[in-house]
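Enquirer: sharing a model prediction with you, sequence too.
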Amino acid sequence: MPTAADARLEVARLIGRQVQRKPDSVLGLATGSTPVGVYALLAEMHARGELDFSRVTSFNLDEYVGIGPEHPASYRYYMDENLFRRINIRRENTYLPDGMTADIPGHCAAYEEAIRRAGGIDLQLLGVGGNGHIAFNEPGSSLASRTRLKTLAPQTAADNARFFPDPTKMPLHVITMGVGTVMEARQCVLLATGANKTDIVARFVEGPVSAFVPASVLQLHPNAVIVLDEAAAAKLVNSEYYRWVYDHKPAWQRV
Ligand code: GLP
């Protein structure tokens, strides 16, 4: 897509189409700075009467351990602020890992079970970390991993410290869906924008599949869509071909 705004609009339309086609969709949602604009667009589409979330269920990818929903850097707080309170999704249908749980392994197993009970995730929104992580699956995460506790890599802690009022109090532990959990979603949509994602995009899209670049596992997903702006796509060898394919999509594949 020419600009980050175009990329965000494409992703919002993909999610919107999913909800219109299947009003009781199960959405997998992501945090970070990248999807903020997508959530703003979804809220606008809802306000215009184009999207009804009353029957939608959502599962977020991850949460910090040791901070509760009232903490401004918690992902529950982020989701409430950026999306949930702006649309008509029912709060009891919005799931995030509980960073305050006393039983992390038990909670992780229950989270997996809740996804299964909901019928599995129809569309999983993803971003990518500078080191290639998806959710909080840091390099080296098993490509078959499930929801579990992870320790952040120093680069991720440094990248995300800006969201904490006191970066020295940032948790280094998180609960995250596993790579295997993400791969079970029926469709994955990864959004990456900006020059700070250029190198990692080239590695995960066109490099080898490797646990050391967890996003590269999407090469094995039967229905994965990678939405990029020009800056993030700048080092892709095959970008002309990707553009050609996009421009020649049959009408039924367009959003
Ligand atoms: C965090 C999240 C990821 C997200 C990544 C990229 O680490 N756990 O799900 O993809 O940040 O964040 P940003 O969009 O801010 O670059």
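Expert: Noted; the coordinates are in hand.
Enquirer: contact residues of the stretch 101-250 of the chain facing the ligand?
Expert: 127, 128, 129, 135, 136, 156, 160 (C-beta under 6 Å from any ligand atom). In short, each C-beta sits where N, CA and C put it, glycine included.
Enquirer: tell me which residues of the helix or strand bottoming out on mean pLDDT in the chain come out buried.
Expert: When each helix and strand of the chain is scored by mean pLDDT, DSSP states H and E, helix 154-160 comes last, with a mean of 91. Buried residues in helix 154-160, counted by 16 or more other C-beta atoms under 10 Å: 156, 159, 160.
Enquirer: point me to the helix or strand that includes residue 180.
Expert: Assigned by DSSP states H and E, residue 180 falls within helix 179-183.
Enquirer: after that helix, next one along is what?
Expert: strand 187-192.
Enquirer: adjacent strands (with direction) for that following strand?
Expert: Looking at strand 187-192 with DSSP bridges, its partner strands are strand 123-126 (parallel), strand 224-228 (parallel).
Enquirer: tell me which of the ones you listed sits nearest to residue 77.
Expert: strand 123-126 (18.2 Å; C-beta to C-beta).
Enquirer: go ahead and name everything in contact with that closest one.
Expert: Strand 123-126 is contacted from outside by 11, 14-15, 18, 25, 27-30, 35, 38, 61, 134-135, 182, 185-191, 215, 218, using C-beta atoms under 8 Å, 6 or more residues apart in numbering.
Enquirer: again, only this time at 7 Å
Expert: 15, 18, 25, 27-30, 35, 134, 182, 185, 187-190 (C-beta atoms under 7 Å, 6 or more residues apart in numbering).
Enquirer: next: stretch 72-80.
Expert: 29, 31, 60, 62-64, 67-71, 94, 96, 99, 163-164.
Enquirer: pick the one among these closest to residue 111.
Expert: Nearest to residue 111 among those: residue 96, at 9.0 Å, using C-beta to C-beta.
Enquirer: give me the number of residues near the residue lying closest to residue 31 once chain neighbours are set aside?
Expert: What sits nearest to residue 31 in space, not counting adjacent residues and going by C-beta to C-beta, 6 or more residues apart in numbering, is residue 75, at 4.7 Å. Here the number of neighbours of residue 75 (other C-beta atoms under 10 Å) works out to 25.
Enquirer: roughly how far apart are residue 75 and the ligand?
Expert: Distance, residue 75 to the ligand, by C-beta to the nearest ligand atom, to the nearest Å: 8 Å.
Enquirer: kindly indicate which of the buried residues of helix 154-160 lies nearest residue 50.
Expert: residue 160 (32.6 Å).
Enquirer: distance of that closest one from residue 5?
Expert: 24 Å (C-beta to C-beta, to the nearest Å).
Enquirer: so does the longest helix along the chain get close to the ligand?
Expert: Counting residues, the longest helix found in the chain (DSSP state H) is helix 4-21. No - Helix 4-21 lies apart from the ligand when judged by C-beta under 6 Å from any ligand atom; the minimum separation is 11.2 Å.
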